[in-house]
Every structure is written in structure tokens, then in C-alpha cells.
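Chemist: just a sequence and a predicted model for now, questions to come.
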Amino acid sequence: MTREQLALELAATEAPTEDFQEKIAKLKQQFNPDNVEVATRKLLFLARNNADEDAKQRLMPIVRDLIQTVVIGKTPGHQPASLQVYGDIANIMASMEVLDLMEQQFLAAAGNDLMARIASGEIDTEAKHKKLLDQYGEELKRKYLEWSNLQVSVVAGAGFEPAAFRL
């Protein structure tokens, strides 16, 4: 096909009758990422915290949509099989795990800082103690905002076995 033929074909093509920008805007409103994230976290919380069997059965279709592929591999000896999970659920679980670790690290550092200040005599009243704890709380809130933009890339492996099999 020549360039002229392509140009003629393109000119003869009608513009779409639907306004896709408007459609996209409606879908973005309907599927607000914040709401999707809250629902996903709630789903994983229920599944992780031994929800009753009825609740798990209702969640299974959603979980199946989040899993693209599961590869079970043979391992040497009598070790458990290796498991690799591919799909959105691997990213979600990795993100949640990273956020949990970051929060734990922050809380441990804040606890160490608090103990050091108490030991040095810097924190000698209940008012100073409360003020410092409030500062830690505010800093943690700021950290949560920073962490909400965190992106994690994963190749799921054996670390996903317990969570995947619990579902």
C-alpha cells in the first residue's frame, strides 16, 4: 500500500461518533483509585485474617481476577514446591508488605529516639512526652502520604505461598 492510498483511506474514515474523552472521565469517576485501593485492602485483610468460609467464597472470584498465572515448580529433596504468582495480586501483596516494613522501621526508629531522649533527660515531663509522640504521629502521617505513591516491581516467588494458599 502506498502513502497516497493510506492518506486517501485515512481521509475516508469517519470520526468516531462516541466521545471517548467523556467516556474515560465517567469511568474515572466511577472507579476512583482511592476507593479501589480501600476495597482491595479490605479484601486482603478479610482473606488474611481468617474470614469465615462464606466470606472467602464470596471473595474468590475477585481474587481469581487478580491472579494471572500461578507456576508450581519442583524443588530438590523433600522441600515444599516453589510457587510463583503473576498478576495484580503479586503487586498488591508486595506493596502492602513493603508499606508494613516501612511503617515498622519508622516506629522502631521513633521508639529508639524516644528512649534515647528519655535516658538523656530531655523528656522529663508528661507534656514533653506527649508533644514528642504527637510529632511522631504527624511525621508518620506525612510518611503515609509519601508512601502512597510508592511503586513496587516484583517477580513473585516462594514468599507468596502462605498468602496465596490461605485464600
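Modeler: Cool, got the structure. Numbers count the residues shown, from 1 in each chain.
Chemist: the strands in this protein, which residues?
Modeler: 69-73, 82-86 (DSSP state E).
Chemist: any chance of those in JSON lines, with distance to residue 92 and mean neighbour count too?
Modeler: Yep, even glycine has a C-beta here, placed from its N, CA and C like the rest. Listed next are those as JSON lines, based on distance: least, Cβ to Cβ, whole Å; neighbours: other Cβ atoms under 10 Å:
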{"stretch": "strand 69-73", "distance to residue 92": "15", "mean neighbour count": "11"}
{"stretch": "strand 82-86", "distance to residue 92": "11", "mean neighbour count": "17"}
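Chemist: closest to residue 103 out of those?
Modeler: strand 82-86 (23.5 Å; Cβ to Cβ).
Chemist: return the distance of the closest one from the chain's centre.
Modeler: Relative to its chain's centre, strand 82-86 lies at 18 Å (Cα atoms, centre = their mean, to the nearest Å).
Chemist: count of residues packed around residue 10?
Modeler: For residue 10, the neighbour count with other Cβ atoms under 10 Å is 8.
Chemist: which residues in the protein form helices?
Modeler: 3-12, 20-30, 33-48, 53-66, 88-120, 126-147, 161-166 (DSSP state H).
Chemist: output these in CSV; the columns should cover mean pLDDT and distance to residue 80.
Modeler: Shown next, in CSV, are the helices of the chain (pLDDT from 0 to 100; distance: least, Cβ to Cβ, whole Å):
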stretch, mean pLDDT, distance to residue 80
helix 3-12, 80, 57
helix 20-30, 72, 42
helix 33-48, 69, 20
helix 53-66, 75, 21
helix 88-120, 83, 18
helix 126-147, 87, 32
helix 161-166, 44, 7
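Chemist: any idea how far residue 108 is from the nearest residue to residue 67 once chain neighbours are set aside?
Modeler: If the residues on either side of it in the chain are set aside, residue 67 comes closest to residue 87, at 4.6 Å by Cβ to Cβ, 6 or more residues apart in numbering. For residue 87, the distance to residue 108 (Cβ to Cβ, to the nearest Å) stands at 32 Å.
Chemist: neighbour count winner among the two?
Modeler: residue 87 (16 against 10).
Chemist: how close does that one get to residue 72?
Modeler: 15 Å.
Chemist: next one: stretch 107-121 to chain centre, how far?
Modeler: For stretch 107-121, the distance to the chain centre is 31 Å (Cα atoms, centre = their mean).
Chemist: okay, buried residues for that stretch please.
Modeler: 110, 114 (16 or more other Cβ atoms under 10 Å).
Chemist: pull the CA atoms of that stretch into PDB?
Modeler: This file holds the C-alpha atoms of stretch 107-121, laid out as PDB (Å, rounded to 0.1, in the frame of the first residue of the first chain):
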ATOM      1  CA  LEU A 107       8.000   3.000  64.600                       C
ATOM      2  CA  ALA A 108      11.200   1.300  65.700                       C
ATOM      3  CA  ALA A 109      13.300   4.300  65.000                       C
ATOM      4  CA  ALA A 110      10.800   6.600  66.700                       C
ATOM      5  CA  GLY A 111      10.800   4.200  69.700                       C
ATOM      6  CA  ASN A 112      14.600   4.300  69.900                       C
ATOM      7  CA  ASP A 113      14.700   8.000  69.600                       C
ATOM      8  CA  LEU A 114      12.100   8.400  72.400                       C
ATOM      9  CA  MET A 115      14.100   6.100  74.700                       C
ATOM     10  CA  ALA A 116      17.300   8.000  74.000                       C
ATOM     11  CA  ARG A 117      15.700  11.300  74.800                       C
ATOM     12  CA  ILE A 118      14.200   9.900  78.000                       C
ATOM     13  CA  ALA A 119      17.600   8.500  79.000                       C
ATOM     14  CA  SER A 120      19.300  11.800  78.300                       C
ATOM     15  CA  GLY A 121      16.800  13.700  80.500                       C
END
